[in-house]
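In: what follows is a protein structure lacking sequence information:
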């Protein structure tokens, strides 16, 4: 039997340590937990988790800094879309529900799918960029 020389394990092939990958995954998943515990998709609970993780870990974990900002920006963008749809409903005196309800369903499902994809990618040590996201927090 021959021994194979291996380099020290850095967490994954991406080189991101396991603890940073885990915290980055938590940043993405905390939005889902926030939606379940508070006002649903588009509410304040969806960006509270990523915000807290970003504020606590941004100085010590660069990968978490990047991914928590990404999750925060995406959830703020979704909240803006939901708010704009509510404005449409009020401006049209309720007729906007014909557009808003299907749009809320589509955006909500897309939000859930993208959040899960981002969590899986972050756990693999890959920087994920959400589509259609306003980069408000830099």
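Out: That came through, no problem. These figures come from a predicted structure and were not determined experimentally. Numbers count the residues shown, from 1 in each chain.
In: which residues does the residue minimising distance to the centre of the chain contact?
Out: Per Cα atoms, centre = their mean, the C-alpha nearest to the average position across the chain is that of residue 71, at 3.0 Å. The contact partners of residue 71, taken as Cβ atoms under 8 Å, 6 or more residues apart in numbering, are 27, 28, 30, 31, 47, 50, 115, 118, 130. For every residue, glycine as well, the C-beta is placed using N, CA and C.
In: next secondary structure after the lengthiest helix in the chain?
Out: In the chain, with assignment by DSSP state H, the single longest helix is helix 62-91. Helices and strands here follow DSSP states H and E; after helix 62-91, the next one along the chain is helix 97-123.
In: for that next one, packing partners?
Out: helix 18-37, helix 62-91 (3 or more Cβ pairs under 8 Å, 6 or more residues apart in numbering; DSSP states H and E).
In: from residue 97, how far out is residue 90?
Out: Computed with Cβ to Cβ, to the nearest Å, the distance linking residue 90 and residue 97 is 10 Å.
In: same check, this time on residue 15
Out: Counting by Cβ to Cβ, the gap from residue 15 to residue 97 is 49 Å.
In: give me the more crowded residue out of those two.
Out: Neighbours per residue (other Cβ atoms under 10 Å) separate residue 15 from residue 97, with residue 97 holding more: 13 against 9.
In: what's in contact with stretch 45-58?
Out: Outside of stretch 45-58, the residues that reach it under the criterion Cβ under 8 Å, 6+ apart are 23, 26-31, 33-35, 37-39, 64-65, 68-69, 71-72, 75-76, 78-79, 137.
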